[in-house]
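> Provided below for reference: sequence and predicted model.
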Amino acid sequence: MQEKQTFIEHLEELRKRLIVSLIAVGIGFIICYIFSKEIFEFLMMPLQRALPSGATMIFTSPAEAFFTYMKVGLLAGVFAASPIVLYQIWLFVAPALYSHEKRYVIPFVCSSTLLLVGGAAFGYFLVFPLFAKFFMHFATDFIQPAPRLKESFSFCAMILLTFGLTFELPLFLLFLSRLGVIDARMLARNRKYVIIIIFIVAAILTPPDPLSQVMMAVPLVALYEASIWVARIFGKKPTAKGHRPKAEGQRSSAKGRRQKESGRKNR
């Protein structure tokens with residue numbers, strides 16, 4: 001490990017990493033904004049397929065489409081710059097790691113990026129179409145849907161970010177297990193409570209039908225189970241240091257008794 005940094009040095013390091021991350025996101029935003037219309041159409045495909053025949057999306061304020069495309073470019077820019085942002089996070093944490101742990105930078109960046117993109121893909125291809133079909137089935141001959149750009153994109157972005165960040169759970173728990181904060185036994189012991197919390201959260205965030213709740217809860221439970229195995233394999237292994245002081249204390253006390261006995265004999 002490196003020498004301890006002062007509080008000011010930590011702030012300077014944090015500022016440096018934030019600036020680099022913001023520059024990366026800004027560059028990604030500029031590039032993605034050029035293709036924001038195409039990206040928006042792609043993101044809204046599950047919703048468009050769920051719309052009744054003849055229904056279209058609308059915007060009700062003059063600047064709504066412009067700001068929606070800005071948000072599309074920002075969201076896409078964040079995902080495009082995620083490897084650089086995650087690398088900056090690693091560099092900020094690296095001074096607290098041992099030298100042999102710093103070589104995991106490439107696996108960390110690659111795995112965290114894949115988990116982020118994989119979670120977003122899971123939400124887009126499986127969860128978002130299910131939600132869109134559920135909400136659109138309320139349409140009747142009298143009630144015709146006309147989704148607004150702003151709300152539709154916000155709903156889609158929430159799904160992508162929620163599942164993208166949720167899929168980072170195994171990596172987050174692995175980091176805590178490497179620091180010794182948690183271990184596989186603790187995770188396994190609290191499994192039943194975590195599963196209950198997951199299903200409660202899924203019931204709050206999803207439409208009121210069992211299929212949607214299961215679609216969100218099952219992947220989270222699977223990720224938690226994977227986290228237990230990851231912590232068991234790669235987590236910090238318990239040491240026997242706690243027994244050494246006792247043994248050394250017994251040896252030192254025995255040695256002290258022998259010295260006292262020999263001193264009495266010499267007298």
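Good, I have the coordinates.

> distance of residue 30 relative to residue 81?
Using Cβ to Cβ, to the nearest Å, residue 30 is found at 11 Å from residue 81. All C-beta atoms are positioned from the backbone trio N, CA, C, and that covers glycine.

> what about these two, which has more around it?
residue 81 (23 against 11; other Cβ atoms under 10 Å).

> distance of that one from residue 91?
Applying Cβ to Cβ to residue 81 and residue 91 gives a distance of 15 Å.

> which strands and helices lie in contact with the helix ranked longest in the chain?
In the chain, with assignment by DSSP state H, the single longest helix is helix 7-34. Judged by 3 or more Cβ pairs under 8 Å, 6 or more residues apart in numbering; DSSP states H and E, the packing partners of helix 7-34 are helix 64-80, helix 82-93.

> which one of those helices lies nearest to residue 12?
For residue 12, the closest of the helices and strands packed on helix 7-34 is helix 82-93, at 11.0 Å, according to Cβ to Cβ.

> render the CA-only coordinates of that closest one in PDB, please.
C-alpha atoms of helix 82-93 as PDB (Å, rounded to 0.1, in the frame of the first residue of the first chain):
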ATOM      1  CA  SER A  82     -18.400   4.100 -18.800                       C
ATOM      2  CA  PRO A  83     -15.000   2.300 -19.200                       C
ATOM      3  CA  ILE A  84     -13.100   5.500 -18.700                       C
ATOM      4  CA  VAL A  85     -15.300   6.500 -15.700                       C
ATOM      5  CA  LEU A  86     -14.900   3.100 -14.100                       C
ATOM      6  CA  TYR A  87     -11.100   3.300 -14.700                       C
ATOM      7  CA  GLN A  88     -11.000   6.600 -12.900                       C
ATOM      8  CA  ILE A  89     -12.900   5.100 -10.000                       C
ATOM      9  CA  TRP A  90     -10.300   2.400  -9.900                       C
ATOM     10  CA  LEU A  91      -7.500   4.900  -9.900                       C
ATOM     11  CA  PHE A  92      -9.100   6.800  -7.000                       C
ATOM     12  CA  VAL A  93      -9.300   3.600  -4.900                       C
END
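
> tell me the helix or strand right after it.
helix 105-122 (DSSP states H and E).

> hmm, who's touching that following helix?
Defining contact as Cβ atoms under 8 Å, 6 or more residues apart in numbering, one finds that helix 105-122 is touched by 79, 82-83, 86-87, 90, 94, 160-161, 163-168, 170-171, 219.

> from these, keep the buried residues only.
79, 82-83, 86-87, 90, 160-161, 163-164, 166-168, 170-171, 219 (16 or more other Cβ atoms under 10 Å).

> mind checking which helix or strand residue 129 is in?
Residue-wise, residue 129 maps onto helix 128-136 under DSSP H and E.

> and the closest residue to residue 32 other than its chain neighbours, how many residues sit next to it?
Spatial nearest neighbour of residue 32, excluding adjacent residues (Cβ to Cβ, 6 or more residues apart in numbering): residue 76 at 3.7 Å. Neighbour count for residue 76, taken as other Cβ under 10 Å: 21.

> could I get the pLDDT score of residue 76?
Listed pLDDT for residue 76 reads 97.

> for residue 152, see how far away it is.
16 Å.

> residue 51 now?
10 Å.

> residue 219 too?
With Cβ to Cβ as the criterion, residue 219 and residue 152 are 23 Å apart.

> cool, residue 186 as well?
Residue 186 is 41 Å from residue 152, by Cβ to Cβ.

> so for the two, which sits in the more crowded spot?
residue 152 (20 against 13).
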